[in-house]
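# Predicted coordinates and the sequence they were generated for:
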2 protein chains.
Amino acid sequence: MPIDRRVDAWATLAQKALPQRVLVALLRAFGDPNAVLNATRAQLRSIIPDSACDRVLAPVAADRIAATRAWLEVPGHEVIAWDDTDYPRALLDIGDAPLVLFHIGRRDLLNRTSIAIVGSRNATPQGIENARQFSAALADAGVTIVSGLALGIDAAAHEGALDRSGSTVAVIGTGPDRVYPARNRVLARAIAERGTLISEYPPGTPARKENFPRRNRLLSGLSRGVLVVEATTSSGSLITARLAGEQGRDVFAIPGSIHSPFSKGPHKLIREGAKLVETAEDVLAEIGLANPPRAATADESMEHVPDGPRLAALLEAIAHDPVDLDRLIERTHMRADELQAALTTLELDGLIAALPGGRWQRLDRPSRTRA
Amino acid sequence: MPIDRRVDAWATLAQKALPQRVLVALLRAFGDPNAVLNATRAQLRSIIPDSACDRVLAPVAADRIAATRAWLEVPGHEVIAWDDTDYPRALLDIGDAPLVLFHIGRRDLLNRTSIAIVGSRNATPQGIENARQFSAALADAGVTIVSGLALGIDAAAHEGALDRSGSTVAVIGTGPDRVYPARNRVLARAIAERGTLISEYPPGTPARKENFPRRNRLLSGLSRGVLVVEATTSSGSLITARLAGEQGRDVFAIPGSIHSPFSKGPHKLIREGAKLVETAEDVLAEIGLANPPRAATADESMEHVPDGPRLAALLEAIAHDPVDLDRLIERTHMRADELQAALTTLELDGLIAALPGGRWQRLDRPSRTRA
């Protein structure tokens, strides 16, 4: 793709990392980035403070411009600037929208109803499953899933949505030519092909610790709301949730065991006013995309048990913690031989697991969605 | 214990089941229940409506009076009426306080700072453990635990508090001479001996379905707040929580897995404004009995792991759902032999369980409280 002067000028101006208010003043005064870059100090001084003039007039290192040009030569690599009709309108009201986005993939995803799904990198397997499941159900409802391409919850969120109609947007904290962490390289490629990958950082920008929290404002900024799936109280996801609140976005959180450190983040958010959600439909209802989903409050876990109330009752009696046969007899009033037969059925269905010492434990499955 | 005329009159008047507003009017006019019972229709009519006069003048069946007298002859059995200094002051503002309480046990518990702990009869083992643990920690802090002597969460709440300084009050929905369910007979006896057992229903009143929801107003009425540990959305605990809200009491709820039907009740309450609590300290802080407990947000689950960060990291990697060895190697970057050794250590410590197929799963334990 040939790089036109317009794109070159936007990308060069973006390298100068000027505050939004300065950029707005300059573009309003000079009309376009090329004119800004060609302005004299005297012209600039009438618009912006001296210190900002220095920043505008300082030359951008040749290798950085070269890196951007080289990146733009690859088919499908684009710069989407403020004046582009595909620039995400949702970002324009967050106060510090990036001047340009370095973009690979589907432009149409940038202005769709979006939900950010975020959480801990080292989440629990159930958390990963929940992220994937909420993501797929929301994407099936046409919602675009925004996340940060981190390990754990982020990756699961992208994966859940990737082949659904809503698909997914990865907002990364490095230049668009880097994948961090490297383990997500295959996922990043899939997102670039079937979803959208964007960055506010120019090609060549390595993973810098300070860029990731800053990047988080774009996750929330692009979205109607942020869903925190699992997070410790020190997780960066809580930063994203805070930014979402400041930007007027909804915050959703999935509760969990009071004994899991990965539920302490969501619980903290709920205490602070985040909406507790149990299903993707809860999220859709909050953003006005579904009828209120809390209908007859049928016990959803029962859906998994085709063989009638006795097995359902047994499954309830087993619950999520180890329990032995005597206790189950006490709880269910079933005969030992009946009980053994029923336990085997449930085990074969993958609904419970046999533990050492003749104990049994129920295995969680994600709630089936009612989309 | 000899039954004095005063007690007899209160108990007889109580049998007439008059609305609080009628009783207040009568006692204000006549001074004491004996005078009320001896009033003529003409005297009554100047105070209360005709229909209420009928109720006051109708004789109480002799066998019911006899049952109450027989019950009162047992040492330790008492009637505590409105005019008794030990009558729970907290009940006086709920609008329909019982005229008398049939009471066995410690009078001093009736006017202590109390929290009601309620939940499902067929709760999960983790829910039972949580109820017991919250109850013990609150009772250690001097709080009296109120509950309804049902199976499951109620029983665990009573048990957790029974030998602690705050002890426990059972508010039952039958006459004080009945134990429902019968399986809680031993517990009821222990509560009568070391805690307090009360009922608004006269001796001889059997278990009637309609009396239990009505009884729930006393659970909340006696308490500063109601803690719902585990409850399905059809649990009577949600009635207690609603009554608590109407009575101006706090509602606390313990969150859990979105896949557990027993967490759907607490989640519903949290969505409706109940306070999400993770520890007994959270409850104490809300009722002003502790410093705000959410300090440095240390990962409490780590307390259980004495052998350093490697085991802690492994435990995090295992989490609450089944995981196999390959996945753990991927997550922890430990060598297979190191991993096997570490898994054995964790299993011996009871922190994880080996599942069929070479998989592993973490076992929850209650958070240690920081009282």
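The structure has been received and is ready for your questions. Residues are numbered from 1 along each chain as shown, chains lettered A, B, ... in the order given.
# all helices for the stretch 251-371 of chain A, in order.
Using DSSP state H, counting those that start in this stretch, the helices of the stretch 251-371 of chain A run over A:264-271, A:280-286, A:308-318, A:325-332, A:336-348.
# again, but for the stretch 101-250 of chain A
Ranges of helices in the stretch 101-250 of chain A, per DSSP H, counting those that start in this stretch, are A:125-140, A:153-161, A:185-194, A:211-221, A:237-246.
# And whatever residue of the stretch 51-200 of chain A ends up closest to chain B, its phi and psi?
Nearest to chain B in the stretch 51-200 of chain A, going by CB to the nearest CB, is residue A:124, at a distance of 3.3 Å. From N, CA and C alone the C-beta is placed, and that goes for glycine too. Dihedral pair for residue A:124: phi -80, psi 160, per degrees, to the nearest 10.
# By mean pLDDT, flag the weakest helix or strand of chain A.
Within chain A, no helix or strand scores below strand A:352-355, which has a mean of 66 by mean pLDDT, DSSP states H and E.
# right, and the helices of the stretch 101-250 of chain A - which one's nearest residue B:146?
Comparison of these against residue B:146 by CB to CB identifies helix A:125-140 as nearest, at 34.2 Å.
# what sits opposite the residue minimising distance to the centre of chain A in the beta ladder?
With distances taken as CA atoms, centre = their mean, the residue of chain A nearest its centroid is residue A:147 (2.4 Å). Beta-bridge pairing for residue A:147 (DSSP bridges): residue A:170.
# what about stretch A:241-258, distance to the chain center?
12 Å (CA atoms, centre = their mean, to the nearest Å).
# which parts of that stretch are buried?
For stretch A:241-258, the neighbour count (16 or more other CB atoms under 10 Å in any protein chain shown) marks A:241-245, A:247, A:249-258 as buried.
# Using CSV, please lay out the helices of the stretch 101-250 of chain A together with mean pLDDT.
Compiled in CSV, those are given as follows (pLDDT from 0 to 100):
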stretch, mean pLDDT
helix A:125-140, 97
helix A:153-161, 98
helix A:185-194, 97
helix A:211-221, 95
helix A:237-246, 96
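# Quickly compare those helices and say which is most buried.
A comparison of those by mean neighbour count, using mean count of other CB atoms under 10 Å in any protein chain shown, puts helix A:153-161 on top with a mean of 28.
# In terms of secondary structure, what does it contact?
Helices and strands touching helix A:153-161, by 3 or more CB pairs under 8 Å, 6 or more residues apart in numbering or on different chains; DSSP states H and E, are strand A:114-118, helix A:125-140, strand A:144-147, strand A:168-172, helix A:185-194.
# tell me the SS of the closest residue to residue A:47 other than its chain neighbours?
Take residue A:47 and drop its neighbours on the chain: the residue closest to it by CB to CB, 6 or more residues apart in numbering or on different chains is residue A:29, 4.7 Å away. Secondary structure, DSSP: H, G, I helix; E, B strand; the rest coil: residue A:29 is helix.
# so residue A:29 makes contact with residue A:23?
No. Using CB atoms under 8 Å, residue A:29 makes no contact with residue A:23, being 10.8 Å away.
# Who has more neighbours out of these two?
Higher neighbour count among residue A:29 and residue A:23: residue A:23, with 24 against 15, using other CB atoms under 10 Å in any protein chain shown.
# isn't that one right next to residue A:100, touching?
No. Contact criterion CB under 8 Å: residue A:23 and residue A:100 do not qualify, at 10.5 Å.
# Specify the beta-bridge partners of residue A:101.
Beta-bridge pairing for residue A:101 (DSSP bridges): residue A:80.
# In contact with residue A:13, which residues?
A:23, A:33, A:36, A:37, A:99 (CB atoms under 8 Å, 6 or more residues apart in numbering or on different chains).
# Could you rerun that using 6 Å?
residue A:33 (CB atoms under 6 Å, 6 or more residues apart in numbering or on different chains).
# and it, that's in a strand?
No. Checked against three-state DSSP, residue A:13 lies outside a strand; its state is helix.
# what kind of secondary structure is residue A:67 in?
Following three-state DSSP, we place residue A:67 in the helix state.
# Distance-wise, check the nearest residue to it once chain neighbours are set aside relative to residue A:174.
Nearest non-adjacent residue to residue A:67, counting by CB to CB, 6+ apart: residue A:204, 4.0 Å away. Taking CB to CB, to the nearest Å as the measure, residue A:204 falls 9 Å from residue A:174.
# do residue A:240 as well
Using CB to CB, we find residue A:240 at a distance of 17 Å from residue A:174.
# And for residue A:192?
From residue A:192 over to residue A:174 the distance is 14 Å, taken as CB to CB.
# Check residue A:154 too.
Note on residue A:154: its distance to residue A:174, by CB to CB, is 14 Å.
# likewise residue A:315?
To residue A:174, residue A:315 is 46 Å away according to CB to CB.
# what's the closest of the helices of the stretch 101-250 of chain A to residue B:218?
Minimum separation from residue B:218 across the helices of the stretch 101-250 of chain A (CB to CB) falls at helix A:125-140, 39.0 Å.
# other SSEs contacting that closest one?
Secondary-structure packing of helix A:125-140 (3 or more CB pairs under 6 Å, 6 or more residues apart in numbering or on different chains; DSSP states H and E): strand A:114-118, helix A:153-161, helix A:280-286.
# tilt between it and helix A:264-271?
Interaxial angle, helix A:125-140 versus helix A:264-271 (axes from the mean of the first three to the mean of the last three CA atoms, to 10 degrees): 50 degrees.
# which stretches of chain A have low pLDDT?
For chain A, the stretches with pLDDT under 70 are A:1-3, A:291-308, A:319-322, A:344, A:348-350, A:353-361, A:363-371.
# swap the cut-off to 80 and go again
Counting by pLDDT under 80, chain A shows low-confidence ranges at A:1-4, A:290-327, A:329-331, A:333-371.
# And for residue A:182, the neighbour number?
Neighbourhood size, residue A:182 [other CB under 10 Å]: 9.
# Please disregard the earlier target; I meant residue A:58.
By other CB under 10 Å, the residues close to residue A:58 number 10.
# Quick check: closest non-adjacent residue to it.
Nearest residue to residue A:58, sequence neighbours excluded (CB to CB, 6+ apart): residue A:16, at 7.4 Å.
# Let me know whether that neighbour touches residue A:55 as I believe.
Yes. Using CB atoms under 6 Å, residue A:16 is in contact with residue A:55, at 5.5 Å.
# check contacts around the closest residue to chain B within the stretch 151-300 of chain A.
The shortest separation between the stretch 151-300 of chain A and chain B is 3.5 Å, found at residue A:255 (distances taken as CB to the nearest CB). When contacts are counted by CB under 6 Å, 6+ apart, residue A:255 is found next to A:266, A:276, B:255.
# Would you quantify the distance from the closest residue to residue A:166 other than its chain neighbours to residue B:136?
Nearest non-adjacent residue to residue A:166, counting by CB to CB, 6+ apart: residue A:139, 3.4 Å away. Counting by CB to CB, the separation of residue A:139 from residue B:136 is 46 Å.
# Equivalent analysis for residue A:193, please.
Residue A:193 sits at a distance of 56 Å from residue B:136 (criterion: CB to CB).
# ok, now residue A:5?
In this structure, residue A:5 and residue B:136 are 74 Å apart, going by CB to CB.
# same thing with residue A:227?
From residue A:227 across to residue B:136, the span is 35 Å (CB to CB).
# I'd say residue A:173 and residue A:211 touch.
Yes. The criterion here is CB under 6 Å, and residue A:173 meets it with residue A:211 at 4.5 Å.
# Let's have the helices of the stretch 101-250 of chain A in a markdown table, adding distance to residue A:111.
Listed next are these as a markdown table, based on distance: least, CB to CB, whole Å:
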| stretch | distance to residue A:111 |
| --- | --- |
| helix A:125-140 | 16 |
| helix A:153-161 | 17 |
| helix A:185-194 | 18 |
| helix A:211-221 | 13 |
| helix A:237-246 | 19 |
